[in-house]
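Asker: Predicted model and sequence below, questions to follow.
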Amino acid sequence: MRVLIVGGGAIGTSIAYHLAARGADVIVIEWSAVACAASGKSGGFLAMDWCDGSPLMHLTRRSFALHAELAEARIGEWGYRRMTTFSGVVGRASTSVSRAARPSWVSPDVSINGQLGSKGTTAQVQPAAFTTGMMRAAEARGAELRLGSVTGLLRRGGNVVGADLDGEALVGDAVVIAMGPWSMLAAQWLPLPPVFGLKGHSLLFDTGAGIPPEALFLEYEEEAGSILSPEIFPRADGTTYVCAISSGSPLPAEPGLVVPDEGAINRLRALCARVSPVLASSRVLASQACFRPVTQDGLPLIGPIARAPGAYVATGHGVWGILNAPATGEAVAELILGGTTGVVDLSDFDPARLGAVD
Ligand SMILES: Cc1cc2nc3c(=O)[nH]c(=O)nc-3n(C[C@H](O)[C@H](O)[C@H](O)COP(=O)(O)OP(=O)(O)OC[C@H]3O[C@@H](n4cnc5c(N)ncnc54)[C@H](O)[C@@H]3O)c2cc1C
């Protein structure tokens, strides 16, 4: 069976890996570069049980376990490691965890008020390395990467039988839309529910080996009065990632056109300088923005597309796309090759639940 996957983000490459590992003939089609969008610019934070009690619970728990298995199997290197995770408030006194547990690299201006996760329940990957690593692992199992733009789908008698790649007809038994927020464009080709892009900003610092694997989720009130929720993830490669400041800016036509909103990076730098003297004195390696794919009800769209046999969608993973990529890849591979899923039930993510745009 030949499967075309449109989109080389964490979701598309994870599907490619799981399909190729099961012997399918796979082609990933990517506009620009693998991991060029949110999958290369996100936090890469993983939590085992933060989706418990929601429809995402089984997908998330399976994915958290698969991340650990993938790292143990050493099929690639993407900085997987376990973390301790704290919450806190900047500039406001609050009940603190014990002095011994307090991260030593954080400014006294930050009150650490709780531990959100342990090395048993929270972890991280470097998301760009994870996404390119999944693609390489898929290629090592026979998958192919084609750079170019999919501009439409091939149809025969109502069935989807391939994709139009910059004017070339690429034939396939199944086509997977994994175009992140740009999946909204696929609504021109298929009866798909709406997908939106929500913008977030981030900084990457060169902090060296001085910060241990301690993640922070903070609350911070700016002078102008707005409340931000910065997330801070020191990484195994000696960098530290900080994200905050979401905005409703419109999604540009392609990933290369995504730039930070005016003023957002300066606001983020001011915040970092207050949170930690290490961040205040470290070189900034990247100032960036990206769009996470979201849906009307906050749950991903994963499954076949009604009224378009041969077409599948996997997008809308919101803030948990890196976490949920491995189990999404596994489930979509099972679905395409066997017609059903063995480990995670996808019925809560059926695209048909939201109605289609015809
Ligand atoms: C600031 C921020 C921080 C985040 N932090 C975390 C985190 O800590 N943990 C976590 O689990 N998740 C996190 N996320 C969410 C996560 O990044 C996303 O859910 C995930 O990256 C989405 O992956 P994707 O593959 O669906 O989409 P994308 O990464 O957007 O990939 C889609 C790809 O499709 C390609 N494409 C689109 N249209 C076409 C076309 N017509 N032809 C060919 N190619 C096409 C694009 O070029 C792109 O490479 C964060 C998101 C943001 C914005």
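Answerer: Noted; the coordinates are in hand.
Asker: Just give the nearest non-adjacent residue to the residue in the stretch 101-250 of the chain positioned nearest to the ligand, would you?
Answerer: The nearest approach of the stretch 101-250 of the chain to the ligand comes at G180, 2.3 Å away (Cβ to the nearest ligand atom). (Each C-beta comes from the backbone N, C-alpha and C, glycine too.) In space, G180 comes closest to P293 once its chain neighbours are excluded; the distance is 4.7 Å by Cβ to Cβ, 6 or more residues apart in numbering.
Asker: Can you get me a residue count around the one you found?
Answerer: Look at P293: counted by other Cβ atoms under 10 Å, it has 28 neighbours.
Asker: Name the residues linked to it by a beta bridge.
Answerer: For P293, the beta-bridge partners under DSSP bridges are G197.
Asker: quick one, what contacts it?
Answerer: If you count contacts by Cβ atoms under 8 Å, 6 or more residues apart in numbering, P293 has them with 38, 180-181, 183, 195-197, 315-318, 321.
Asker: Mind checking which of those are in helices?
Answerer: Applying DSSP state H to the contacts of P293, the entries found in helices are A38.
Asker: out of the contacts of P293, what pair is the most spread apart?
Answerer: Greatest spatial distance among these (Cβ to Cβ): F196 and G321, at 13.9 Å.
Asker: Which one's more surrounded, those two?
Answerer: Neighbour comparison, F196 and G321: the larger count goes to G321, with 25 against 16 (by other Cβ under 10 Å).
Asker: do you know how far that one is from I302?
Answerer: Per Cβ to Cβ, to the nearest Å, G321 is found 12 Å from I302.
Asker: and the stretch 101-250 of the chain, which residues reach the ligand?
Answerer: Residues of the stretch 101-250 of the chain found near the ligand (Cβ under 6 Å from any ligand atom) are 149-150, 178-182, 200, 202, 243.
Asker: Neighbour count and pLDDT added to those residues, as TSV?
Answerer: Shown next, in TSV, are these (neighbours: other Cβ atoms under 10 Å; pLDDT from 0 to 100):
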residue	neighbour count	pLDDT
S149	14	96
V150	24	97
A178	32	98
M179	27	98
G180	28	98
P181	25	98
W182	23	98
G200	22	98
S202	24	98
C243	23	98
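Asker: Max pairwise distance over those: which two?
Answerer: Across those, the longest distance by Cβ to Cβ is 29.1 Å; it joins V150 and C243.
Asker: Settle this for me: A311 is touching G172, isn't it.
Answerer: No. Counting by Cβ atoms under 8 Å, G172 is not a contact partner of A311; they are 10.3 Å apart.
Asker: Name the residue in the two with the higher neighbour count.
Answerer: A311 (25 against 21).
Asker: tell me the pLDDT at the more buried one?
Answerer: We have a pLDDT of 98 for A311.
Asker: Next: R92.
Answerer: For R92, the model assigns a pLDDT of 69.
Asker: do the one helix or strand V284 maps to and the ligand meet?
Answerer: For V284, the host element (DSSP states H and E) is strand 283-295. Yes. Judged by Cβ under 6 Å from any ligand atom, strand 283-295 and the ligand are in contact via 290, 292-293.
Asker: next one: stretch 32-41
Answerer: Yes. Using Cβ under 6 Å from any ligand atom, we find that stretch 32-41 touches the ligand at 32, 36-39.
Asker: What distance separates the opening and closing residues of that stretch?
Answerer: 15 Å (Cα to Cα, to the nearest Å).
Asker: For that stretch, what is the distance to the chain centroid?
Answerer: The chain centre lies 10 Å from the centre of stretch 32-41; the measure is Cα atoms, centre = their mean, to the nearest Å.
Asker: what's the answer for stretch 211-223, then?
Answerer: 20 Å.
Asker: Go ahead and name everything in contact with the longest helix along the chain.
Answerer: When the chain is parsed with DSSP H, its longest helix is helix 57-73. Contact partners of helix 57-73, identified using Cβ under 8 Å, 6+ apart, comprise 46-52, 76, 78, 80, 123, 125, 320, 323-328, 330-331, 343-345, 349.
Asker: Give me the pLDDT value at whatever residue of the stretch 251-358 of the chain ends up closest to the ligand.
Answerer: Going by Cβ to the nearest ligand atom, the ligand is nearest to G321 of the stretch 251-358 of the chain, at 2.0 Å. Turning to G321, the model gives it a pLDDT of 98.
Asker: Same check on the one 5 residues further on?
Answerer: In the prediction, the pLDDT value recorded for P326 is 98.
Asker: who's in contact with it?
Answerer: Contacts of P326 (Cβ under 8 Å, 6+ apart): 14, 62-63, 66-67, 70.
Asker: Touching, A163 and V150? I think so.
Answerer: Yes. In this structure A163 lies within contact range of V150 using Cβ under 8 Å: 4.8 Å.
Asker: what sits in contact with each of the two?
Answerer: Contacts common to A163 and V150, judged by Cβ under 8 Å, 6+ apart, are 6, 29.
Asker: State the mean pLDDT of stretch 159-175.
Answerer: pLDDT averaged over stretch 159-175 gives 97.
Asker: How about stretch 73-89?
Answerer: 96.
Asker: mind listing what the residue nearest to S63 when sequence neighbours are not counted touches?
Answerer: Distance criterion Cβ to Cβ, 6+ apart; nearest residue to S63, sequence neighbours excluded, is A327 at 3.7 Å. Contact partners of A327, counting by Cβ under 8 Å, 6+ apart, are 59-60, 62-63, 66, 343-344.
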